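Asks: Sharing a sequence plus its predicted fold:
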Amino acid sequence: MRDEKENVELPAKKMTMKSFENDISTQGSASFKPLKGMTALVTGAAQGVGKGIAIQLARAGCAVAVNYRGHRDLALDTMGELEALGCETFLVQGDIRSSAQVKKMFDAVAQKFTHLDILVNNAGTQTWAPLLELKEADWDRDIETNLKGTFLCLQAAARWMKQTNGGSIINIGSGCKKVPFPRLVSYSASKGGIEMLTRIAATELGRYGIRVNCVAPGAILIDRTKREDPQYATIWGKEASLGRVGMPEDVGNAVVYLASPMASYVTGQTIWVDGGAFTKPSWPYVLKDEDSANSTIQDRRLMRAANRSEAR
C-alpha cells in the first residue's frame, strides 16, 4: 500500500483466515438494501453454502424462506441468524426430488409470500467414488437431487413468476462444469446439466420477465470441507489466483447481485466464484523474469522462443 502524499510504502495489514472470515461475513452497509421488499426461497439453506446465501440475501433486505430436507435443528439455527438481522423468515420442509413435495413446498411459501421474486436452487448431494465403482443408487440420488430437483423447483417458481411480472432464478453450479473432477462422476454430470438447463430456461422465460442465471463456486470453506480436510483452506488457497479459499458469503454476494436490479439485463450467464482457481491453465513451466537469477536455462529458452515468435 502506498501513501500518495508522502510517496512511501505503507505496511500491508496482516489478515488471518479467522479475521478474514469475520470481515467477509459482515460485508455490506446496513443502509444499502438492494433487495428490500423482495422475497426469496433458498433450497438446502440449513447449512453450508445455502446458509451463506440466505444470510447475504437477508443482509440485502430480502425476506427468505429457508428450505431444508432433514436437518430441522440446523434450519432453525439458520432462521435464528436471519431473524437477528431483522429478516422476515420461516422454514419450509421438502425433498426437492419429489414433484409432490415440491408442490407442497411452494404452496407453503405462497401462504407466506404474495409473490416470489427470487429462487435459489442450491440443494445438492455428491458421491465420492471412481467411475468404475460408482453405484447406480448413488448416481440416481445425485442426479435426482441436483438436476431433477433444480428442474422441478425452477419450473414451479417460473409458473408462479409468470403470473406476477417476472423474477430471478439462480442455480448453483460448480467449478466441475469447467474442469473435470475425478471421483465426482454423478455430481459433475448433474452440474453440467444445470449449466445447460440455465441457458435453456433463460432463453424460454425471458419473455415473461424471468431471468435465469448460474453461480459456479470453486473451493468453499464450510463445516463439511473442514471435516473432510483440516488443511482445506491452505491447499485450495494456493490453487486460487487470489490466494485464498472461498467463503459461503462470496457465493451469497454473487447471488445478491444476480437477484438485484443491478443485473436486470443479465440472463443465461454463469458467474464463477472460484478465486480464479479453475481459470488457470495446466502449464508445466514456471516462467520467471528472464533477468532473474532464479530463472532456469529452460525458462530463458522458452522466453526467447516466445519473443522470436512475436517478432515474426
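Replies: Good, I have the coordinates.
Asks: can you map out the helices along the stretch 1-150 of the chain?
Replies: Applying DSSP state H, counting those that start in this stretch to the stretch 1-150 of the chain gives helices spanning 17-25, 48-59, 72-84, 99-112, 136-142, 149-163.
Asks: Lowest mean pLDDT across those helices, which one is that?
Replies: Lowest mean pLDDT within these: helix 17-25, a mean of 50.
Asks: Please report how far the closest residue in space to residue 108 that isn't next to it in sequence lies from residue 86.
Replies: Nearest non-adjacent residue to residue 108, counting by Cβ to Cβ, 6 or more residues apart in numbering: residue 92, 4.9 Å away. Bear in mind the C-beta positions are built from the backbone N, C-alpha and C, glycine included. If you measure residue 92 against residue 86 using Cβ to Cβ, to the nearest Å, the figure is 20 Å.
Asks: what about those two, which has more around it?
Replies: residue 92 (21 against 11; other Cβ atoms under 10 Å).
Asks: which residues touch the more buried one?
Replies: Listed by Cβ atoms under 8 Å, 6 or more residues apart in numbering, the contact set of residue 92 reads 41, 65-68, 105, 108-109.
Asks: Turn the residues you listed into CSV, including distance to residue 187 and neighbour count.
Replies: Formatted as CSV, those follow (distance: Cβ to Cβ, whole Å; neighbours: other Cβ atoms under 10 Å):
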residue, distance to residue 187, neighbour count
41, 23, 28
65, 26, 26
66, 23, 26
67, 20, 29
68, 20, 25
105, 23, 23
108, 28, 18
109, 27, 22
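Asks: re the thing from before, for the helices of the stretch 1-150 of the chain, which one ends up most surrounded?
Replies: helix 48-59 (a mean of 27; mean count of other Cβ atoms under 10 Å).
Asks: what angle do it and helix 72-84 make?
Replies: Interaxial angle, helix 48-59 versus helix 72-84 (axes from the mean of the first three to the mean of the last three Cα atoms, to 10 degrees): 20 degrees.
Asks: could you dump helix 48-59 to CSV, C-alpha only?
Replies: Written as CSV, here are the backbone C-alpha positions of helix 48-59 (Å, rounded to 0.1, in the frame of the first residue of the first chain):
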residue,chain,number,x,y,z
GLY,A,48,-23.1,-24.7,4.2
VAL,A,49,-23.3,-22.6,1.1
GLY,A,50,-27.1,-22.4,1.2
LYS,A,51,-26.9,-20.8,4.7
GLY,A,52,-24.4,-18.3,3.5
ILE,A,53,-26.6,-17.4,0.6
ALA,A,54,-29.6,-16.9,2.8
ILE,A,55,-27.7,-14.7,5.2
GLN,A,56,-26.4,-12.4,2.4
LEU,A,57,-30.0,-12.2,0.9
ALA,A,58,-31.2,-11.2,4.4
ARG,A,59,-28.5,-8.5,4.7
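Asks: From the chain's centroid, how far away is that helix?
Replies: Distance, stretch centre to chain centre, for helix 48-59: 10 Å (Cα atoms, centre = their mean, to the nearest Å).
Asks: cool, stretch 116-123 as well?
Replies: 12 Å.
Asks: per-residue confidence averaged over that stretch?
Replies: 98.
Asks: Can you pull the domain assignment for the chain?
Replies: 13-281, 283-312 (automatic domain parsing).
Asks: was I right about residue 99 contacting residue 153?
Replies: No: using Cβ atoms under 8 Å, residue 99 is not in contact with residue 153, being 10.1 Å away.
Asks: okay, now the nearest residue to residue 115 once chain neighbours are set aside: neighbour count?
Replies: Distance criterion Cβ to Cβ, 6+ apart; nearest residue to residue 115, sequence neighbours excluded, is residue 164 at 4.4 Å. Residue 164 has 13 neighbours, counted by other Cβ under 10 Å.
Asks: State the distance from residue 164 to residue 230.
Replies: 47 Å.
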